[in-house]
Each structure stands twice: as C-alpha cells, then as structure tokens.
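> sequence and predicted structure, then a few things I'm wondering about:
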Number of protein chains: 2
Amino acid sequence: MSGVQPTTRGPYRTGIKRRQQIVAAAAEAFAARGYDGASLRQIAADAGISAAALLRHFERKEDLLAAVLEWWAGQTTALTEEGETGLAVFERLGEVMRYHTRNRGLLELFVRLTGEATHDDHPARAFIQNRYADLVATLVARLVTAADAGEVAPVTRSQAEAEVRYLCAVMDGLEIQWLLDPGVDLVGLFDQHLAATLDRWKAGP
Amino acid sequence: MSGVQPTTRGPYRTGIKRRQQIVAAAAEAFAARGYDGASLRQIAADAGISAAALLRHFERKEDLLAAVLEWWAGQTTALTEEGETGLAVFERLGEVMRYHTRNRGLLELFVRLTGEATHDDHPARAFIQNRYADLVATLVARLVTAADAGEVAPVTRSQAEAEVRYLCAVMDGLEIQWLLDPGVDLVGLFDQHLAATLDRWKAGP
C-alpha cells in the first residue's frame, strides 16, 4: 500500500478524494476503537494508503479528529431551518431519530466521542460542549418564541431550559438504549414521548 | 518500581491490597483513556508496581476490565432493597443522582464504557447490556406492582416499559450533560423531573 502521487490530470480532485477516504476511515476507527485506541497506521491501512501519505494530509491525530468532527457535523441533518420559528423544530426531532436508525455508524461515533469527552482532557471536549450548548440555546429560544406566539402555554426561561434539557436527555438516553439493544423501538418510543411532551407544553401546568 | 513480594507476615492480605490498588488504577485509566487507550504498562506504573507484578494478578487486559466492572458494580448503591415493593425504588433514584455528583470518577468510567460498549465487539458490551436489561426489568416490575397496589393509575406492561425507558434515558442524558457542563444542576433537574413523573403516574392518562 504505497502512497499514490496526485496525477497531473487532476491533482486537486485526487487530493480531495484521498482526504475524504482518510476521514471516512478515521470516523470508523474512532467509532470502533475510540480516539485513544485508534492508530494513524491502522487508519492509513483502512484507507488503502501508506502512513506517510496520511501524514501529508494530517500531521497529528488531533487534526484528523477535527476533520472527523467537521464531517460528522456536516452529515447530521441541519436541525433548524431558515426563517423558521416556534414549535416546528421540535416537531422535526422525530426525523432526527429516523436518520440515526439509518446511520448507526454516525450515531456510534457520536455516542463514543461524547462518552470520551466527559473527561476533562479529551481533545473533542470543547467541540462536544459547544455543540451541546448551542443545541440547548437554540431549542430554548424556540420554545420561548412558541410560548410568546401562544403556540404553547407561558413558560419561564428557566423552565424552558429544564424542558429542553429533559428532551435532549431522552433523545441521548434512548439512542444509547437502542445501540445497546437493537430490539428497542427507538423511533416509536421517541415519537410517543415527543407527542406527549408537545401536548403537555400546550396544556400548561 | 520493582514488584514487591508478599511478606511472610501477611502474604494474603498484601495480595488483596495490591489487587485493589491495580483495580483502582485501572478504573482511573479506563475512565481517562478508555479501554482501548489504556495500557497495562501505564496502569502498573500508576499502581506503583512493575508490569510483571501486574501480570501476576491479571494476565490479560480483559481480566482487568472484568475486575473493574465488578468493582464498579460493588461501589454503586444497591438500588433495590430486600422486601421492598412499589414506588419506593423510584423515590430513591434522586439519591442515585446525589451519589453520582459525589463520585464523578465512577460516573465518568461508566459513561465512557457505555459509549464504548455501543459498538458490537467491545469486551464490556455483554456486561453493560445485561446491567441495563436488569435495571429496566426491575423497574418495570416495580411500576406494575405499584399499579396493582393502587399506588399509581393502571398501566399496561408495554406502557410501563416505555415509562421506565424514558426515566432511565433522562437519568443517563442528564448525567452526560452534567459531565460536559458542571454548571448543569443535575440533582435539581432530576428531582423536579422525578416528582413530575410520579405525579403523572398517580394521575393516570
């Protein structure tokens, strides 16, 4: 598996394609063996290139992790849509679950890296922390907007944050249950929970 | 850091103590660097012994993982008590959260190993799967018993399982949120959720 030099016919395109192969191999390796457990040598072999060729694209394993996280963020469905307000974003969370069941590898990668990032010194910690904080802030703003528009009963900001944290927790927790036991009806359980939650928000305390 | 031979004054006790030091060092290493990322050499160094001395207690890393899981299970509060029926076990879940906030390392270890065990070939997968299945089965049985005794409104077995899965998901998800952001009020959020859940179960659909 020697390194292949870019040809004069399409060096840039070849470089992009090679980079994508490496990132895909790294994503699988991180999901299967974790960030610490994965080796650049094995990732290069999985991508069908030499370790030296890999190092021309990514000097350090941390650079490769950053590329994998960027790729992961791009693969996952954009949750919020331009100009959208209120409850629509919550009503679409069931789609997120359906997407996960069709893309188990992506979910495994994220659950594994999240588990690793709970420890202070993990290089993915800031990314995962920021992504979670952004998600909570976005959903809280939407719930408050929905309350202001009368779509749901009035809610304080602190209660909106608690509600969003419970909903995110149920998503994360059910995903873990499904990854541990494929017999768990992830989509059905979440749809039922989401419908009950929206009903409860509409009815108010 | 050479291996220390058991003395004639207390060889058995020395062996037990040494073993406990190794398991504690391994638990920290698995939490910090994951199962794949942790090395027997480093664990031996952390425990203050030679790699050769470690190998006399644990021949393979998998044996050490089994010992760590056993130790973890022993450290976590026993959830169910002899002769107890109905809702009491749910009312005690807030204590479990309080225990976690006082034992962050144990929680990190478990969240990390659970994240790793979502992948098919992880050596802790069967242990984590069985523990989760046992927890769900125990809580479902308690909820059904509570319904039969009139402590909560009637519930079908399938609805009881859904309720238990939501509650476990909220616990797991909030724990992850707290590990990522220590500013999250894990105990307060969960206490509020648990009280609302118990009220909802009592009121019925």
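On my side now, so go ahead. Numbers count the residues shown, from 1 in each chain, chains lettered A, B, ... in the order given.
> what stretches of chain A score poorly on pLDDT?
Scanning chain A for pLDDT under 70 picks out A:1-11, A:76-80, A:82-83.
> domain parsing for it?
With domains defined by automatic domain parsing, chain A comprises A:11-72, A:77-203.
> dump the ones you listed to CSV, plus mean neighbour count and distance to residue B:148.
All C-beta atoms are positioned from the backbone trio N, CA, C, and that covers glycine. Putting those into CSV (neighbours: other CB atoms under 10 Å in any protein chain shown; distance: least, CB to CB, whole Å) gives the following:
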stretch, mean neighbour count, distance to residue B:148
domain A:11-72, 18, 43
domain A:77-203, 17, 23
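> distance to chain B added to the ones you listed, as a markdown table?
Shown next, in a markdown table, are these (distance: least, CB to the nearest CB, whole Å):
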| stretch | distance to chain B |
| --- | --- |
| domain A:11-72 | 2 |
| domain A:77-203 | 2 |
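> Throw the ones you listed into CSV and include distance to residue B:155, thanks.
CSV is the format used below for the domains of chain A (distance: least, CB to CB, whole Å):
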stretch, distance to residue B:155
domain A:11-72, 37
domain A:77-203, 14
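> remind me, longest helix of chain A?
Counting by DSSP state H, the longest helix found in chain A is helix A:11-37.
> and the next element down the chain from it?
Scanning forward in sequence from helix A:11-37 by DSSP states H and E, the next helix or strand is helix A:40-46.
> can you tell me what sits against that following helix?
Here helix A:40-46 makes contact (CB atoms under 8 Å, 6 or more residues apart in numbering or on different chains) with A:1, A:22, A:25-26, A:28-29, A:50-51, A:53-55, A:58, A:61, A:64.
> stretch A:54-68 now?
Counting by CB under 8 Å, 6+ apart, A:3, A:15, A:18-19, A:22-23, A:26-27, A:30, A:35, A:38, A:40, A:43-44, A:47, A:109, A:123-124, A:127 sit against stretch A:54-68.
> same check, this time on stretch A:100-111
So stretch A:100-111 is contacted by A:27-28, A:30-31, A:68, A:72, A:75-76, A:172, A:175-176, A:178-179, A:186-187, B:115, B:118-119 (CB under 8 Å, 6+ apart).
> what about the strands in chain A?
Ranges of strands in chain A, per DSSP state E: none exist.
> contacting residues for residue A:201?
Shown in contact with residue A:201 (CB under 8 Å, 6+ apart): A:143, A:146, A:152-153, A:155, A:163.
> so which of these are in helices?
Among these, the members falling in helices are A:143, A:146, A:163 (criterion: DSSP H).
> hang on, isn't the first one packed against residue A:151?
Think residue A:143. No: using CB atoms under 8 Å, residue A:143 is not in contact with residue A:151; the gap is 9.4 Å.
> you'd agree residue A:37 is up against residue B:112?
No: when contacts are counted by CB under 8 Å, residue A:37 is not listed as touching residue B:112 (11.7 Å).
> mutual contacts of the two, please.
Common neighbours of residue A:37 and residue B:112 (criterion: CB under 8 Å, 6+ apart): residue B:34.
> could you pull out the helices for chain A?
Taking DSSP H as the test, the helices found in chain A are A:11-37, A:40-46, A:51-57, A:61-75, A:88-91, A:93-102, A:104-117, A:125-148, A:157-180, A:186-203.
> any idea how far the spatially closest residue to residue A:169 that is not a sequence neighbour lies from residue A:103?
Nearest residue to residue A:169 in three dimensions, chain neighbours excluded: residue B:173, at 2.5 Å (CB to CB, 6 or more residues apart in numbering or on different chains). Counting by CB to CB, to the nearest Å, the gap from residue B:173 to residue A:103 is 20 Å.
> ok, residue A:84 next?
On the measure of CB to CB, residue A:84 and residue A:103 end up 23 Å apart.
> same question, residue A:198
25 Å.
> repeat that for residue A:149.
Distance, residue A:149 to residue A:103, using CB to CB: 33 Å.
> now do residue A:127
Counting by CB to CB - residue A:127 and residue A:103 are separated by 19 Å.
> closest to residue A:167 out of the contacts of helix A:40-46?
Nearest to residue A:167 among these, counting by CB to CB, is residue A:28 at 29.9 Å.
> quick one: residues contacting that closest one.
Each residue near residue A:28 by CB under 8 Å, 6+ apart is listed here: A:46, A:105.
> that one and residue A:57, how far apart?
Distance of residue A:28 to residue A:57, given as CB to CB: 17 Å.
> what does residue A:195 give?
Distance of residue A:195 to residue A:57, given as CB to CB: 46 Å.
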